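# any chance you can model this:
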Amino acid sequence: MIWPWSSPASLITLKGPRLLLRLPQHGDYQAWYSLRKTSRDFLKPFEPRWTEADLARSVFTARVKRSRQEAEDGSDYSFLIFTATGGPETLVGGITLSNIRRRAAQFANLGYWMGRQFAGQGMMTEAVGITLPFVFDSLDLHRLHAAFLPGNAASRRVLEKNGFVEEGFATGYLQIDGRWEDHVLFGLTRERYEMRRRTRHA
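Modelled structure (predicted):
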């Protein structure tokens, strides 16, 4: 892992057995465009409303610039997820640590998406697991929050496999596909993360 306080934001890279997470680069546009476009119907029920215009190169260019600035500021980290098992990188999805708060709060929000053809293969479970040392060791945060639609069993499994626990229910929590939707709230504390890590090592 490359530590954020010693390297440019564009070089922050997180690696796991199968996957590599890094900030978006301008050269990722075509892969990002193709994956988002072919997965649109799959992602539509779980994301804020977006159109073909949101896939324009200019939008992606602004996204790259914004993600680097936010990472430099330490407020958000928007990673793309790639396979890392030899051969060329293949984009499979994205994962975001957002709304990072310091002082008495010390938390971040977790969000993610996966391309249709890569869903159900355990990749998002691994990707979330890859981010946890970055969250708790590198960024030195105390809590990580996540939320998902009540019917999203896949997201529940991803979070539970990484030690998150259900903490509540929020009515009209986020605007998804043009409607304010209820969400199940999950959380992971540093204490639970460290306990799981000690158990695995033992």
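# and the host helix or strand of residue 94, what does it pack onto?
According to DSSP states H and E, residue 94 maps onto strand 91-101. In this structure, strand 91-101 packs against helix 29-38, strand 77-83, strand 107-114, helix 123-133, with contacts taken as 3 or more CB pairs under 8 Å, 6 or more residues apart in numbering; DSSP states H and E. Where you see a C-beta, it was placed from the backbone N, CA and C, and this is true even at glycine.
# kindly recompute the last result at 10 Å.
If you count contacts as 3 or more CB pairs under 10 Å, 6 or more residues apart in numbering; DSSP states H and E, strand 91-101 packs onto strand 19-22, helix 29-38, helix 57-73, strand 77-83, strand 107-114, helix 123-133, strand 143-148.
# can you list those in a markdown table and add mean neighbour count and distance to residue 171?
A markdown table is the format used below for these (neighbours: other CB atoms under 10 Å; distance: least, CB to CB, whole Å):
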| stretch | mean neighbour count | distance to residue 171 |
| --- | --- | --- |
| strand 19-22 | 20 | 32 |
| helix 29-38 | 16 | 29 |
| helix 57-73 | 15 | 29 |
| strand 77-83 | 22 | 28 |
| strand 107-114 | 20 | 18 |
| helix 123-133 | 20 | 25 |
| strand 143-148 | 22 | 12 |
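# could I get these as JSON lines with mean pLDDT and distance to residue 89?
Output for the helices and strands packed on strand 91-101, formatted as JSON lines (pLDDT from 0 to 100; distance: least, CB to CB, whole Å):
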{"stretch": "strand 19-22", "mean pLDDT": "96", "distance to residue 89": "7"}
{"stretch": "helix 29-38", "mean pLDDT": "96", "distance to residue 89": "8"}
{"stretch": "helix 57-73", "mean pLDDT": "95", "distance to residue 89": "16"}
{"stretch": "strand 77-83", "mean pLDDT": "96", "distance to residue 89": "4"}
{"stretch": "strand 107-114", "mean pLDDT": "97", "distance to residue 89": "16"}
{"stretch": "helix 123-133", "mean pLDDT": "97", "distance to residue 89": "13"}
{"stretch": "strand 143-148", "mean pLDDT": "98", "distance to residue 89": "26"}
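# adding distance to residue 181, write the ones you listed out as TSV.
Output for the helices and strands packed on strand 91-101, formatted as TSV (distance: least, CB to CB, whole Å):
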stretch	distance to residue 181
strand 19-22	27
helix 29-38	21
helix 57-73	24
strand 77-83	22
strand 107-114	14
helix 123-133	20
strand 143-148	10
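# out of those, flag the one nearest residue 193.
helix 123-133 (6.0 Å; CB to CB).
# for the closest one, what is the distance to the chain centroid?
8 Å (CA atoms, centre = their mean, to the nearest Å).
# orientation of it relative to strand 143-148 in degrees?
160 degrees (axes from the mean of the first three to the mean of the last three CA atoms, to 10 degrees).
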